[in-house]
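Visitor: Below are the sequence and a predicted model; questions follow.
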Amino acid sequence: MLVTIEGIDGSGKSTLVDGLHAALADLDPVITREPGATWVGEAVRRSIAENTDPVTECLLFVADHAAHLAHVVRPAIAKGRVVVSDRYSDSRYAYQGVTLEGVIPDPIGWLRAVHAPFTLVPDLTFLCVLPVSEAEKRLKAKREHFEDAEVLERVQKNYLALARAEPERFVLVDALLPQEDVCGFVADEIRRRAR
Ligand SMILES: Nc1ncnc2c1ncn2[C@@H]1O[C@H](COP(=O)(O)OP(=O)(O)OP(=O)(O)O)[C@@H](O)[C@H]1O
Ligand SMILES: Cc1cn([C@H]2C[C@H](O)[C@@H](COP(=O)(O)O)O2)c(=O)[nH]c1=O
């Protein structure tokens, strides 16, 4: 089973995934992430830091996804493991749907067409939702160009539209709840679906 965790910067994804290590220990999940599960992630981090043009940056994220699938996700799924990924393809649809706006026509349609021939669609996606103002408070200092309130508003809007389009795959998570409650809710839902 492939489970993905999505949401805007500062929504608590990494904290949640850290908690899932212990909460799901008996399922022995493979816990992974995008970007950065393979060496391609280093190129992605460099492109973010250097504010590369949006098409180059997007294609590096796609390359990172391809390497992640080939070297981590597909081998684990083939062995019957539960895989939990901190960010995955929906991050591209939500974020590059914004950064490619006005650069290429219909960015999300294009991104879906690029992914379709090789990606593996998640079985279950948790979308951590909270007001952008709260996410910004949590992030404290801005680190990356995506962490801008106006950008994050548009990214969250894209995420919510993705969730509305696939209600059977997406589960909305109230990211304002205490960390333990968020982790407990997500772990219970994964167990229920893994049965
Ligand atoms: N449920 C929560 N309630 C309050 N604070 C939280 C909660 N979850 C996480 N935080 C805090 O918010 C901050 C951001 O959390 P975290 O790094 O997990 O977010 P993220 O979604 O992974 O961010 P990014 O996408 O930028 O890596 C951290 O300081 C973390 O301790
Ligand atoms: C996978 C992916 C990520 N991003 C953005 C979102 C974040 O601002 C950065 C780094 O991710 P992290 O979770 O904070 O480590 O990259 C993106 O724009 N598109 C993607 O596909």
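Guide: Nice, I can see it. Ligands and ions are numbered 1, 2, ... in the order given.
Visitor: which non-adjacent residue is nearest the closest residue to ligand 2 within the chain?
Guide: Here the chain gets closest to ligand 2 at one residue, Tyr95, 3.1 Å apart by Cβ to the nearest ligand atom. From N, CA and C alone the C-beta is placed, and that goes for glycine too. Nearest non-adjacent residue to Tyr95, counting by Cβ to Cβ, 6 or more residues apart in numbering: Val155, 5.4 Å away.
Visitor: Quick check: the one you found touching Asp148?
Guide: No: judged on Cβ atoms under 8 Å, Val155 makes no contact with Asp148 at a distance of 9.8 Å.
Visitor: higher neighbour count, those two?
Guide: Val155 (24 against 15; other Cβ atoms under 10 Å).
Visitor: Do any residues in the helix or strand harbouring that one lie close to ligand 1?
Guide: Using DSSP states H and E, Val155 sits within helix 149-165. No: Helix 149-165 lies out of reach of ligand 1 by Cβ under 6 Å from any ligand atom, never closer than 9.9 Å.
Visitor: Show me which residues of that helix are buried.
Guide: Residues 151-152, 154-156, 158-159, 162-163 are the ones in helix 149-165 that count as buried (16 or more other Cβ atoms under 10 Å).
Visitor: Out of those residues, which two sit at the greatest distance?
Guide: Farthest pair in these (Cβ to Cβ) is Val151 and Ala163. Separation: 18.8 Å.
Visitor: how about the residues of the protein that lie near ligand 1?
Guide: Residues of the chain lying near ligand 1 (Cβ under 6 Å from any ligand atom): 7, 9-15, 138, 177-179, 182.
Visitor: Which residue, other than its chain neighbours, is closest to the most centrally placed residue in the chain?
Guide: Nearest to the geometric centre of the chain sits Arg87, at 2.0 Å (Cα atoms, centre = their mean). Distances taken as Cβ to Cβ, 6+ apart place Glu34 nearest to Arg87, at 4.4 Å, with adjacent residues excluded.
Visitor: And for the one you found, the neighbour number?
Guide: For Glu34, using other Cβ under 10 Å, the count is 25.
Visitor: Over to Arg191?
Guide: Using other Cβ under 10 Å, the number of residues around Arg191 comes to 14.
Visitor: Tell me which residues touch it, please.
Guide: Applying Cβ atoms under 8 Å, 6 or more residues apart in numbering to Arg191 gives the contacts 24, 27.
Visitor: ok so, going back, need the buried residues of helix 149-165 in a markdown table (columns: distance to Ala66).
Guide: Converted to a markdown table, the buried residues of helix 149-165 look like this (distance: Cβ to Cβ, whole Å):
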| residue | distance to Ala66 |
| --- | --- |
| Val151 | 25 |
| Leu152 | 26 |
| Arg154 | 26 |
| Val155 | 22 |
| Gln156 | 26 |
| Asn158 | 22 |
| Tyr159 | 22 |
| Leu162 | 21 |
| Ala163 | 25 |
